[in-house]
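J.: mind looking at a prediction? Sequence and model below.
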Amino acid sequence: MTPPEPQAAIAATGLRKSFGTHVVLDGIDLDIPAGTVFSLLGPNGAGKTTMVKILSTLIRADSGQARIFGRDLDREPDRVRAAIGVTGQYSAVDGLLTGAENLMLMGRLHGLGRGRARRRSTELLERFDLADAASKPASTYSGGMRRRLDLAMTLVGGPRLIFLDEPTTGLDPRSRRGMWEIVRELVSEGVTVFLTTQYLEEADQLADRIAVLDRGRLIAEGTPNELKRLIPGGHIRLHFAQADALDSAERALGGSRDDEALVLQVPSDGGLASLRALLDRIDGASLKVEELSVHTPDLDDVYLSLTGRSGTEQKAAAR
């Protein structure tokens, strides 16, 4: 028998939201499998945070339907809230409380008894490398420590789906990569992550699928590699040991050459079929290639092509 399709963590059709005459979301469809990372990219004001607020039951869509693990957002909001956690760009950590007290407070809000809340707090403090700072006020924590504590607080209730709304904004590269490792660990345990980010490298590193939101519409969706193949500029780089081998390759394959580096660049979409076809041509022409590498546009190229704005410009505008 064919195994049943896994239940979607998020399934949405036709989501629309306006504020006055300004349309923020204009007919959004989503199908996000459980246990994956889905990243939503888009310029400031594209509707990313509004999407998170709708899916986390903080506000209601004007029209359309959405389900979280099969639970309707409008009909079963309490059941939905029990399955999700939200960590935003602006931390919910209380700076006057210690790390342990913040976690204890969150445990009590989730209805845990005092003993169970204490055990859960201790477990999360150790997991997020905060045990040594457990008795210190959160106001003394570094930015990376506060983000880890904020995420730990989100996990107190054991959510199956976590919304990370620009969770690493303002962090240094080391702290950002530390957060990436935490996200990977969560996903390996079956947690689903809905990530909005202004860092294209972050989406490239973490996401199974990426969608680009612009002016309230999803204008592209796919794996990072699928999105990179949407725009021209990809090529296969062939390196040769001798100039005569480069000459022979150019005659057989075309492309552009670099005589100094003994390199031939052959246009390609980076896909497996394109690579296989090129290998067949190389074999047919009996070419001796020393090294082969596939080069595709990066997500910044994709973002610029789709939205007319680069990721670097987007980050500068967000400061």
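T.: The structure has been received and is ready for your questions. Residues are numbered from 1 along each chain as shown.
J.: burial check on residue 82, number of neighbours?
T.: For residue 82, the neighbour count with other Cβ atoms under 10 Å is 15. No exception for glycine: its C-beta is placed from N, CA and C like everyone else's.
J.: Three-state assignment for the closest residue to it other than its chain neighbours, please.
T.: Closest residue to residue 82 in three dimensions, ignoring its sequence neighbours and counting by Cβ to Cβ, 6 or more residues apart in numbering: residue 157, at 7.3 Å. In three-state terms, and counting by DSSP: H, G, I helix; E, B strand; the rest coil, residue 157 is coil.
J.: do you know the pLDDT at residue 90?
T.: Residue 90 is assigned a pLDDT of 58 by the prediction.
J.: with the one 10 residues further on instead?
T.: On pLDDT, residue 100 comes in at 96.
J.: can you give me the neighbour number for it?
T.: The tally of other residues near residue 100 (other Cβ under 10 Å) stands at 21.
J.: check contacts around it.
T.: If you count contacts by Cβ atoms under 8 Å, 6 or more residues apart in numbering, residue 100 has them with 121, 122, 125, 134, 135.
J.: same check, this time on residue 41
T.: Going by Cβ under 8 Å, 6+ apart, residue 41 touches 48, 196, 197, 200, 203, 210, 211, 212, 213, 299, 303.
J.: cool, and residue 183?
T.: Residue 183 neighbours (Cβ under 8 Å, 6+ apart): 37, 164, 193, 195, 206.
J.: that one belongs to a strand?
T.: No. Counting by three-state DSSP, residue 183 is not found in a strand; it is helix.
J.: for it, give me the pLDDT.
T.: Residue 183 is given a pLDDT of 91.
J.: residue 106 and residue 258: what is the separation?
T.: 58 Å (Cβ to Cβ, to the nearest Å).
J.: higher neighbour count, these two?
T.: Neighbours around residue 106 and residue 258, counted as other Cβ under 10 Å, are more numerous at residue 106. The numbers are 23 against 12.
J.: could you say which helix or strand contains the more buried one?
T.: Assigned by DSSP states H and E, residue 106 belongs to helix 99-109.
J.: what's the answer for residue 180, then?
T.: helix 173-188.
J.: circling back: so which of the contacts of residue 100 is the most crowded?
T.: Of all the contacts of residue 100, residue 121 has the most neighbours under the rule other Cβ under 10 Å, reaching 25 neighbours.
J.: isn't residue 195 up against residue 36?
T.: No. Using Cβ atoms under 8 Å, residue 195 is not in contact with residue 36, being 10.6 Å away.
J.: those two - which one has more neighbours?
T.: Set residue 195 next to residue 36 and count neighbours by other Cβ under 10 Å: residue 195 wins out with 23 against 16.
J.: so where does the more buried one fall, helix or strand?
T.: Judged by DSSP H and E, residue 195 forms part of strand 192-196.
J.: C-alpha coordinates for that strand, PDB please?
T.: Below are the C-alpha coordinates for strand 192-196, written out as PDB (Å, rounded to 0.1, in the frame of the first residue of the first chain):
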ATOM      1  CA  THR A 192       8.500  22.700  11.800                       C
ATOM      2  CA  VAL A 193      10.000  26.200  11.400                       C
ATOM      3  CA  PHE A 194       8.400  29.200   9.600                       C
ATOM      4  CA  LEU A 195      11.300  31.700   9.100                       C
ATOM      5  CA  THR A 196      11.100  35.300   7.900                       C
END
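J.: quick one: contacts of it?
T.: 9-10, 32-41, 48-49, 51-52, 55, 160-167, 183, 186-187, 202-203, 206-207.
J.: recalculate using a threshold of 6 Å.
T.: 9, 34-35, 37-40, 48, 161-166, 183 (Cβ atoms under 6 Å, 6 or more residues apart in numbering).
J.: report the buried residues of the next helix or strand after that strand.
T.: Note on strand 192-196: by DSSP H and E, the next helix or strand toward the C-terminus is helix 200-206. Applying a neighbour-count criterion of 16 or more other Cβ atoms under 10 Å, the buried positions in helix 200-206 are 200, 202, 203, 204, 205, 206.
J.: same check, this time on stretch 262-272
T.: 262, 263, 264, 266, 268, 269, 270.
J.: got the phi and psi for the second one?
T.: Residue 263 adopts backbone torsions of phi -120, psi 140, taken as degrees, to the nearest 10.
J.: beta partners for it?
T.: As for beta bridges, residue 263 partners with residue 239, residue 258 under DSSP bridges.
J.: my guess is it contacts residue 239. True?
T.: Yes. Using Cβ atoms under 6 Å, residue 263 is in contact with residue 239, at 5.3 Å.
J.: if any of the contacts of strand 192-196 are buried, put those into a ChimeraX selection.
T.: Listed next is the ChimeraX selection for buried residues among these, using 16+ other Cβ under 10 Å:
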select :9,35,37,38,39,40,48,161,162,163,164,165,166,183
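J.: out of the contacts of strand 192-196, which one sits closest to residue 81?
T.: Using Cβ to Cβ, residue 161 is the member of the contacts of strand 192-196 that sits closest to residue 81, with 10.7 Å.
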